[in-house]
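Any chance you could fold what I've pasted below:
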Amino acid sequence: MVRAITPLPTASTSLSRPLTSVLPPTDGTPSFLITSADKSYKHQYANIYFIRLRILRDVVEERARKRWQNIEGSPVLVPKVLEVEKSKLCYIVGTVYMDMPLKPNVMEDIARDTSIPPPPPLAKFYSPDDNIMLEDESGRIQLVGERVVKARLITGIIIAALGIETPTGEFEVVDVCHAEMAPQPHLNQAEEQMDVDVDPQADAWIALVSGLDIGSPSAVDAQTQMLVEYLTGEGGGPQQQINAAQISRLIIAGDSLAPIISEPKVEGFDESESRRGRRYGHDTTSFSAHPTLSLSAHLLDIARSMPVHLLPGESDPSGVILPQQPLPRAMFGAVASCGSFSCETNPTYLRFAPVSTPEAASDGVGRTILVNSGQPLNDMFKYVPYHPKIPLALLESTVRWRHMAPTAPDTLWCHPYFGSDPFIISETPDIYAVGGQEQFGTKLLVHKEDKTKRCRLILVPRFADTGILVLVNLRTLDAKPIKFKIQGMAGGSEDTVAAPTEKLPSAAEDNLKSSDPARPSSPPPS
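Have a look, this model is predicted:
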């Protein structure tokens, strides 16, 4: 008997992706490319702190003046931290420095006996013995008090501290003031234009993913393949295909490749014999190009369907100092010739606008996205006690501090800039996404005074660990996670794309049940 084959369900209408264009950068969205003029390592890192304080000092002083001008005691601004007077209420502005016993010390590393291997890096620098300092060009003063402890301060941020110097020479803080959110050059009429008479089905969404970890020993290739099929519209049901058709671009926020683990040399290892078996500069017995080839194939499939922006991450073959420069296009094979494939810096600013509004660049309809691969946030997390909500709170604080990487260059490696600090947030982005996180998190940050100033904060989790893709709406700034799972993995949320399972004939299904008692009688629900 011949059984009729039921065709797969498809969408009732023809689907097309909303087109978005890349807008040119502005003065507030600078490029992180290191040019030949900046490619110098002879400068001291202290220049970055001086530049940061010089740029943000006036903003912090103005906010502090408005915040404390009417309080009792009439506090005055002391221009230098070492000029404070004892028992007199005042406020000072400077750069926070955390004196932490567990923080790495380069002088101790130099003095350590080279025959003794260094201890493994600590997951946390935080300890009860930490001291908080405030410094400027004149010197440092120690900050004390319950208020400064609750403020969760981080090395490198610029603050104003209100308080009184104690007889012991410390500065007891009663209040702290930051720079708060930077200006956001969007017009109110443009916001209204985007929300009036708009079909939600025509909205353009941006997809964000991080931590594909292709090439790791515990890689889940099926998850990655499901992700590619979903983005290209080849997988899922009709509704999922409709949702996927609204995705206009994909941003990959770092850690696309798993870190290369070098095997220890065994006794009797002959380096000269090993070199004889090398091709193309590497040993084929210990190095495999398969992860790069696999990533290139996935990128080619997606780039044929939508534009792709690839950022380097901590585990990718790129420099370890920030800002990481774009990965070489030549290493990705055929996708390098696609105009829809772009290699970006980490971090990077991206400005998008719907193609249906050619005047977007002038009327403010475009959206600004600030993305990094997670190194700044992960480093800041070492300065505070553990709490699952801390990463999102720290991300919000970076917007209020107007600085995305305050711990650079103290404990986060960065380029020794001489006349600028590119990590200062001079314009508040519409979307601020950070990859390489343990779990998904999002918040719409709205300015207390100017309600039109908004920023969508997004924690993009590692896809290899969570199977989560994040979608964000360019018009409404709504964000939602899409979780991919396969049989045997933990269940997802409402927006879950499950691996398709083929219904077996009854006889074959009975044979499978009898031969494998551990096999479930039916596939788990999606």
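
Name all residues that make contact with residue 27.
By Cβ atoms under 8 Å, 6 or more residues apart in numbering, the contact list for residue 27 reads residue 426. Using the backbone N, CA and C atoms, a C-beta is placed for each residue, glycine as well.

State the distance from it to residue 427.
8 Å (Cβ to Cβ, to the nearest Å).

Pull the number of nearby residues for residue 471.
Using other Cβ atoms under 10 Å, residue 471 is surrounded by 19 other residues.

That should have said residue 311, apologies.
So residue 311, with other Cβ under 10 Å, has 28 neighbours.

so who does the residue nearest to residue 430 when sequence neighbours are not counted touch?
Spatial nearest neighbour of residue 430, chain neighbours left out: residue 367 (4.4 Å); criterion: Cβ to Cβ, 6 or more residues apart in numbering. Residue 367 makes contact with 351, 352, 353, 430, 431, 474, according to Cβ under 8 Å, 6+ apart.

Can you tell me which of these is nearest residue 20?
Ranked by distance to residue 20 (Cβ to Cβ), the contacts of residue 367 are led by residue 352 at 4.6 Å.

partner residues bridging that closest one?
Taking DSSP bridges as the rule, residue 352 bridges to residue 22, residue 367.

Please tell me I have it right and it contacts residue 366.
Yes. Using Cβ atoms under 8 Å, residue 352 is in contact with residue 366, at 6.3 Å.

intersection of neighbour lists for those two?
residue 23.

Could you look up the SS state of residue 29?
coil (DSSP: H, G, I helix; E, B strand; the rest coil).

can I see the domain layout of the chain?
Listed domain ranges for the chain are 20-30+189-258+286-487, 46-177 (source: automatic domain parsing).

Now find how far off-centre the last one is within its chain.
This means domain 46-177. Centroid displacement of domain 46-177 relative to its chain, using Cα atoms, centre = their mean, to the nearest Å, is 26 Å.

and if you look at the first one?
Distance of domain 20-30+189-258+286-487 from the chain centroid (Cα atoms, centre = their mean) equals 7 Å.

Mind checking the pLDDT average for that domain?
The average pLDDT within domain 20-30+189-258+286-487 is 88.

Assess the claim that residue 178 and residue 63 are in contact.
Yes. Counting by Cβ under 8 Å, residue 178 does reach residue 63; the two are 7.5 Å apart.

Between the two, which is the more surrounded one?
Using other Cβ under 10 Å as the criterion, residue 178 and residue 63 rank with residue 178 on top: 22 against 15.

List phi and psi for the more buried one.
phi -110, psi 180 (degrees, to the nearest 10).

OK, contacts around it?
60, 63, 157, 158, 159, 160, 397, 400, 401, 402.

name the helices or strands packed onto the helix or strand harbouring the fifth one?
Right, the one you point to is residue 159. For residue 159, the host element (DSSP states H and E) is strand 158-165. Counting by 3 or more Cβ pairs under 8 Å, 6 or more residues apart in numbering; DSSP states H and E, the packing neighbours recorded for strand 158-165 are helix 46-68, strand 90-99, strand 140-144, strand 171-177.

Buried subset of the contacts of residue 178 as a ChimeraX selection?
To isolate the buried ones among the contacts of residue 178 in ChimeraX, judged by 16 or more other Cβ atoms under 10 Å, type:
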select :60,157,158,159,160,397,400,401,402
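
Take the contacts of residue 178 and write them to CSV, including distance to residue 211.
Shown next, in CSV, are the contacts of residue 178 (distance: Cβ to Cβ, whole Å):
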residue, distance to residue 211
60, 35
63, 37
157, 27
158, 32
159, 33
160, 38
397, 23
400, 27
401, 26
402, 28
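
Going by distance to residue 445, which of the contacts of residue 178 wins?
residue 400 (8.6 Å).

which stretch of helix or strand covers that closest one?
Using DSSP H and E, residue 400 falls in helix 390-401.

Can you point out the buried residues in that helix?
390, 391, 392, 394, 395, 396, 397, 398, 399, 400, 401.

Could you export that helix as CSV, CA atoms only?
Written as CSV, here are the backbone C-alpha positions of helix 390-401 (Å, rounded to 0.1, in the frame of the first residue of the first chain):
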residue,chain,number,x,y,z
ILE,A,390,24.3,42.4,39.0
PRO,A,391,25.3,42.1,35.3
LEU,A,392,22.2,44.0,34.1
ALA,A,393,22.6,46.6,36.9
LEU,A,394,26.2,47.1,35.9
LEU,A,395,25.3,47.5,32.2
GLU,A,396,22.7,50.2,33.2
SER,A,397,25.4,51.9,35.3
THR,A,398,27.8,52.1,32.3
VAL,A,399,25.2,54.3,30.6
ARG,A,400,24.8,56.5,33.6
TRP,A,401,28.6,56.7,34.0
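
can you state the direction angle for the next helix or strand after that helix and helix 390-401?
Counting by DSSP H and E, the next helix or strand C-terminal to helix 390-401 is strand 431-437. Inter-element angle recorded for strand 431-437 and helix 390-401: 140 degrees (by axes from the mean of the first three to the mean of the last three Cα atoms, to 10 degrees).

Each with direction, which strands does strand 431-437 pair with?
Partners of strand 431-437 in the sheet, by DSSP bridges, are strand 367-372 (parallel), strand 454-461 (parallel).

Most tightly packed of these?
Counting by mean count of other Cβ atoms under 10 Å, strand 367-372 has the highest mean neighbour count of the strands paired with strand 431-437, with a mean of 25.

follow-up on the earlier one: mind listing the shared neighbours of residue 178 and residue 63?
Joint contacts of residue 178 and residue 63 (Cβ under 8 Å, 6+ apart) are residue 160.

Same list, the strands paired with strand 431-437, but as JSON lines with distance to residue 68 please.
As requested, these are exported to JSON lines (distance: least, Cβ to Cβ, whole Å):
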{"stretch": "strand 367-372", "distance to residue 68": "31"}
{"stretch": "strand 454-461", "distance to residue 68": "26"}
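
out of the buried residues of helix 390-401, who's nearest residue 238?
So of the buried residues of helix 390-401, ranked by how close each gets to residue 238 (Cβ to Cβ), first place is residue 392, at 34.4 Å.

Contact partners for residue 15?
233, 241, 242, 245.

List the buried residues in the host helix or strand of the third one.
Same thing as residue 242. Using DSSP H and E, residue 242 sits within helix 238-245. For helix 238-245, burial by neighbour count (16+ other Cβ under 10 Å) applies to 240, 241, 242, 243, 244, 245.
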